[in-house]
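pasting the structure only:
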C-alpha cells in the first residue's frame, strides 16, 4: 500500500533560521510528488511537482528536492508569512489521478 | 476564474440527517475529487470522477454518494449523517494526472 510520512509533525523556527521538512514515501512506481501549502481555515495551495529523482524546484524561499525514497522542502531564511502547514502527496504510475497525502508539517516562524 | 467553489462553508447536522455538499469548477478540468481532512491525518480520498458520468470510490467512501452529470459540478451526498463524519471536506479538480486545485472547504459537524 502506498504510504507517505512527513516529519517533523511541527517545527518552530526563528525568522531567518533555515531548515528542511521531510516527506518519505513508498509507492509502486512514482508518477509525481506534490507539495502543497495550507493556511488555517483554507484549502491546500499547490507549490511544486517533482517527477524524478534528482529533480529540484524553487520558489522564493522554498526549494523542493526528490530522491527515490524521500523529498525535502528546504526553507531558506524564512519569514513569519511562511508559517503554514506543508503537505506532501504522491501519485502512482498505476493510477494517473489519485493522490496519497501525508499528515503534514505545521511550520511556525517567529519574528 | 473563480477556480473551485464549495458551499456551504459551515454546516451542523443531527445524526441521521442527509445533506449535499456542493462543488463547482470553472477550469474545464476532467478530474474532480472529494477529500476529508481530520486532525493528525492526511487528506483522505472519498470519491473521484474522471469525467461526466464516471465516478469511482476512493479510500473512505462509506456513507457518501457522488454523481457527475456535468464537467463543472461534483456534489457529495451524505446519506444518513453520523458523528464520525464530522470533518472538513475539500473538493479538488485537475487536468488528468496533474496537480489538483482545491476549494476553500466545508466544515461539517454532526451532533
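Thanks, I have it. This one's a predicted model, so the numbers in the text were calculated from it and none came from an experiment.

secondary structure class for the residue nearest the centre of chain B?
What sits nearest the mean C-alpha location of chain B, by CA atoms, centre = their mean, is residue B:34, with 3.1 Å. The local conformation at residue B:34, judged by DSSP: H, G, I helix; E, B strand; the rest coil, is strand.

Identify the nearest residue to it in space, disregarding sequence-adjacent positions?
Leaving aside its chain neighbours, residue B:34 sits nearest to residue B:46 (4.4 Å; criterion: CB to CB, 6 or more residues apart in numbering or on different chains). In this view, the C-beta of every residue, glycine as well, is placed from N, C-alpha and C.

Note down every partner strand of the helix or strand harbouring that neighbour and its orientation.
In the assignment (DSSP states H and E), residue B:46 maps to strand B:44-51. Next to strand B:44-51 in the sheet, as set by DSSP bridges, lie strand B:31-37 (antiparallel), strand B:54-57 (antiparallel).

Tell me how far that strand lies from the chain's centre.
8 Å (CA atoms, centre = their mean, to the nearest Å).

shouldn't residue A:74 be in contact with residue A:20?
Yes. If you go by CB atoms under 8 Å, residue A:74 and residue A:20 touch, sitting 4.9 Å apart.

distance of residue A:109 from chain B?
Residue A:109 sits 22 Å away from chain B, going by CB to the nearest CB, to the nearest Å.

Might you enumerate the residues of chain B proximal to chain A?
Within chain B, the residues that sit near chain A (CB under 8 Å from any CB of the partner chain) are B:4, B:31, B:33, B:35, B:40-45, B:48, B:50, B:58, B:90, B:92, B:94, B:96-105.

ok, back up a step: what residues are up against the residue nearest to the centre of chain B?
B:21, B:23, B:45-48, B:58, B:64, B:66, B:74, B:76, B:89-92 (CB atoms under 8 Å, 6 or more residues apart in numbering or on different chains).

List the ones among the residues you listed that fall in helices.
Under the assignment DSSP state H, the contacts of residue B:34 contribute nothing to helices.

What is the nearest of those to residue A:41?
Taking CB to CB as the measure, residue A:41 sits nearest to residue B:90 out of these, at 11.8 Å.

mean confidence for stretch A:91-102?
Taken as a whole, stretch A:91-102 has an average pLDDT of 77.

do stretch B:51-66 as well
The model assigns stretch B:51-66 a mean pLDDT of 94.

and that stretch, how far apart are its ends?
13 Å (CA to CA, to the nearest Å).

Residue A:4 is in contact with residue A:87, isn't it?
No. Using CB under 8 Å, residue A:4 makes no contact with residue A:87, being 9.2 Å away.

I am finished for the moment; much appreciated.
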